[in-house]
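J.: model this:
(chains A and B)
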Amino acid sequence: MIKITFPDGTSKEYERGISIEQIAGDISSSLKKQSVAGYVNGDLYDLNRPIEEDASVEIITRKDQKAFEVLNHSAAHLMAQAVKRLYPDAKFGVGPAIREGFYYDIDTKEPIREEDLLKIENMMRRIVKEQQSMERKELSREEALAFFNDDPYKTELITDLPEDEIITVYSQNEFTDLCRGGHIGNTKNIKFFKLLSIAGAYWRGDSSRNQLQRIYGTAWFTQEDLEKHLEILAERKERDHRKLGKELRIFELSNDAGQGLALWLPNGYTVRKILEDYVYKLEKKAGYLHVSTPVLGTKRLYEISGHWDHYRENMFPVMERDGETFVLRPMSCPHHMIVYKSDLRSYRDLPIRYAEIVTQHRYEASGALSGLERVRAMTLTDAHLFVRKDQIKKEVLDAYNLILQAIDDLGLEIEYVELALRDKAKGKFHDNDELWDLAEKLMKELLDEEGIEYTAMTGEAAFYGPKIDIQVRTAMGHVITMSTVQLDFLLPERFDLTYIGQDGEKHRPVVIHRGLISTWERLMSILLEQYKGAFPTWLAPTQIRVIPVSLDNHDKYAKKINDLFIDYDLRSELDMREEKLGYKIRAAQTEKIPYQIVVGDDEVNNETVTYRKYGEKEQVTVPTKEFIHMIQEEIINKSK
RNA sequence: GCCACUUUAGCUCCUAACAGGUAGAGCAGUGCCAUGGUAAGGCAAAGGUUGCUGGUUCGAGUCCAGCAAGUGGCACCA
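T.: Now for the predicted structure:
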């Protein structure tokens, strides 16, 4: 007999070799039904794997996130088995569960196409019907290598496993895969799934190696869950900023204008201008000084900064004129270094915070471009803070808090905070251990002291220093960088920046790079997706649409209140087209205008307006002045 | 950049063009008529070198090749 201890501290004796499934069944038949796998002394166990010794056991049920992973991991195996049947020459890379499903990387002679997914799905269903038991087996390294000797990918994986790792395989009838487990026990347990897409993926994420075909899919415990997930996927497409941006006339991407070079249409530019003004005020209040520097700069400038060495492949080709070589700037830090050097600085002057609306160009890989999310010409509010060493923590923290405020004002949500650190093994970072250690230590201390949770990302730092990146999630589920605060001891060295200290000697300032809310392009994509195109009133390109009931009788009043709104700096438009009322209302709704106002006899006689707020059915009649007051309040408060 | 797929009117067309036979619709826009209360009034005309360049064919939106852009991913992302 062995002793099994449960999470609540109770324990019970069972026969040696009992399984999670049997234990669950012993507790209750409903638990048995819900159980998917379990933890035995912290190790993930399949339902049917025998437990050989005293252990603490935790049963994983369908409700747990881990259960979803187990199911999807098993679905990946199921798919691989189906692919192997249809493509006997298939070789397999890795096939893990991911956030919303699973994928498997597959190498076949004949490419798999999107239309083949249905065929694979059907084969999967057949295997589900065959009720293949998924059997776990431990192999020695030699046995494993012998078994997978015709699959170079699996062979490489086995070779790279640590010496002491127990190598396990899982078999479902004729198909055996190298796998750590856990699994769902039997293919019959994988009932509700769908294959979603196919894409290329480099073997082991290395672009110098083979490219495999990655099939993405998703598996759920119930039909309803699967359908719900597919609905979410469909809804994401509705939120896609590329679709909304076109419908709402926000921006244009044209082949003729150039790949990745976005054109801002009037509606988009109106929003952008509001954001620019908002940011300007925010920075003013936080003590930033605004400057303006050119899009073009000498190559020398970037050689001094080190960007030429570290960032050249992301820059557009150089231009030559009058014996000087120019580049389109990919960032503004070097220019701001020169601005700092334009005067002699005292320790009393610091911190100096330079901010600028910067347009910059980066040669992004063509495959990386995506709507407004990733472009080749971008404009952002960039800032560089020149500080003394004793001011670092406060200034980093202030910058971080300013970012939080902007994100909050814009109604956005942070996915997580990243601390990007260097990887000493990689050559892309500048070489000064002492400064790096200091910079990284300061950043960690600061985050810890403030109780800010973060994920450390080794090797993700800028070449000149560590950075705190604030990540958000797009409608399509991608995580992208929204804001950044970066600590830099290098550029002050390279530009020989100094200030005169209290002691009368020259000292080296430290630079903090700050990206507030990404670029206007990326921010617009995020806002469109966040609000599904229905901007809050303070940001909406058009805030009010005034519609007269009758063009003959109410046109004067409509014009009068429209003018009044404009006098109060409200973005109001009059719809005087010769169309039916219903048509104009529908137009105002599809354009997602926050306030649609209809005026007729009642309003004319009482000096009122009848408005309907976007997203609501209710109509409200109020005195015109009251309406103005209300909407102004809403704008000032940046109500979402 | 790499792999796969896609590209027809300003927009949407896996709800066009059956298998190669000379391009259709809805919306928007235009004109005329109609015109009073919260999501599409009627009629009409117009709108296209089917992404570009070649090829096969009596004949190409359709088949083939190259290029470009876009989409899904991968790689990249100061």
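
J.: ok, and does the longest helix anywhere in chain A reach over to RNA strand B?
T.: For chain A, the helix reaching the highest residue count under DSSP state H is reported as helix A:65-86. No - judged by Cβ under 7 Å from any atom of the strand, helix A:65-86 makes no contact with RNA strand B; its nearest approach is 14.5 Å. Heads up, the C-betas are built off the backbone N, CA and C, glycines and all.

J.: got the buried residues for that helix?
T.: By neighbour count on 16 or more other Cβ atoms under 10 Å, the buried set for helix A:65-86 is A:66-86.

J.: Kindly report the same for stretch A:508-518.
T.: Buried residues in stretch A:508-518 (16+ other Cβ under 10 Å): A:509, A:510, A:511, A:512, A:513, A:514, A:515, A:516, A:517, A:518.

J.: So what sits opposite the residue nearest the centre of chain A in the bridge?
T.: Among the residues of chain A, the one closest to the centroid is residue A:479, at 1.6 Å (Cα atoms, centre = their mean). Beta bridges link residue A:479 to residue A:473, judged by DSSP bridges.

J.: and the longest helix of chain A, how far out from the chain's middle?
T.: 26 Å (Cα atoms, centre = their mean, to the nearest Å).

J.: Packing partners of the helix or strand following it?
T.: Downstream of helix A:65-86, the next assigned helix or strand under DSSP states H and E is strand A:91-92. Counting contacts by 3 or more Cβ pairs under 8 Å, 6 or more residues apart in numbering; DSSP states H and E, strand A:91-92 packs against strand A:101-107, helix A:152-160.

J.: Redo those as JSON lines? Include distance to RNA strand B, mean neighbour count and mean pLDDT.
T.: Formatted as JSON lines, the helices and strands packed on strand A:91-92 follow (distance: least, Cβ to the nearest atom of the strand, whole Å; neighbours: other Cβ atoms under 10 Å; pLDDT from 0 to 100):
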{"stretch": "strand A:101-107", "distance to RNA strand B": "8", "mean neighbour count": "23", "mean pLDDT": "95"}
{"stretch": "helix A:152-160", "distance to RNA strand B": "14", "mean neighbour count": "16", "mean pLDDT": "93"}
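
J.: out of the ones you listed, nearest to residue A:367?
T.: strand A:101-107 (18.0 Å; Cβ to Cβ).

J.: Residue A:292 versus residue A:405, what's the distance?
T.: 24 Å (Cβ to Cβ, to the nearest Å).

J.: now do residue A:233
T.: Taking Cβ to Cβ, one finds residue A:233 at 44 Å from residue A:292.

J.: Please say which of the two ends up with more neighbours.
T.: residue A:233 (15 against 9; other Cβ atoms under 10 Å).

J.: sec struct for that one, please.
T.: helix (DSSP: H, G, I helix; E, B strand; the rest coil).

J.: Identify the residue nearest it in space, chain neighbours excluded?
T.: residue A:196 (7.6 Å; Cβ to Cβ, 6 or more residues apart in numbering).

J.: Residue A:124 now?
T.: residue A:82 (4.5 Å).

J.: what about the strands in the stretch 101-250 of chain A?
T.: A:101-107, A:134-139, A:167-172, A:175-178, A:192-202, A:211-220 (DSSP state E, counting those that start in this stretch).

J.: Is residue A:485 bridged to anything, and to what?
T.: Beta-bridge partners, per DSSP bridges, of residue A:485: residue A:468, residue A:514.

J.: Can you classify the residue of the stretch 351-500 of chain A found nearest RNA strand B as helix, strand or coil?
T.: Taking Cβ to the nearest atom of the strand, RNA strand B has its nearest neighbour within the stretch 351-500 of chain A at residue A:367, 1.7 Å off. Following three-state DSSP, residue A:367 is assigned to helix.

J.: Now for residue A:612, how many residues are close by?
T.: That count, for residue A:612 with other Cβ under 10 Å as the rule, works out to 17.

J.: How about the residues of the stretch 151-300 of chain A by RNA strand B?
T.: Going by Cβ under 7 Å from any atom of the strand, the residues of the stretch 151-300 of chain A near RNA strand B are A:197-202, A:205-207, A:211, A:213-214, A:216, A:240, A:242, A:246-247, A:253, A:255, A:259-260.

J.: Of those, grab the buried ones for PyMOL.
T.: To isolate the buried ones among those in PyMOL, judged by 16+ other Cβ under 10 Å, type:
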select buried, chain A and resi 198+201+213+214+216+240+242+253+260
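
J.: who in the stretch 301-450 of chain A is up against RNA strand B?
T.: Residues of the stretch 301-450 of chain A lying near RNA strand B (Cβ under 7 Å from any atom of the strand): A:310-311, A:314, A:330-331, A:362, A:364-371, A:374, A:428.

J.: now these: which count as buried?
T.: Neighbour-count burial (16+ other Cβ under 10 Å) is assigned, among those, to A:310, A:311, A:330, A:331, A:362, A:364, A:370, A:371, A:374.
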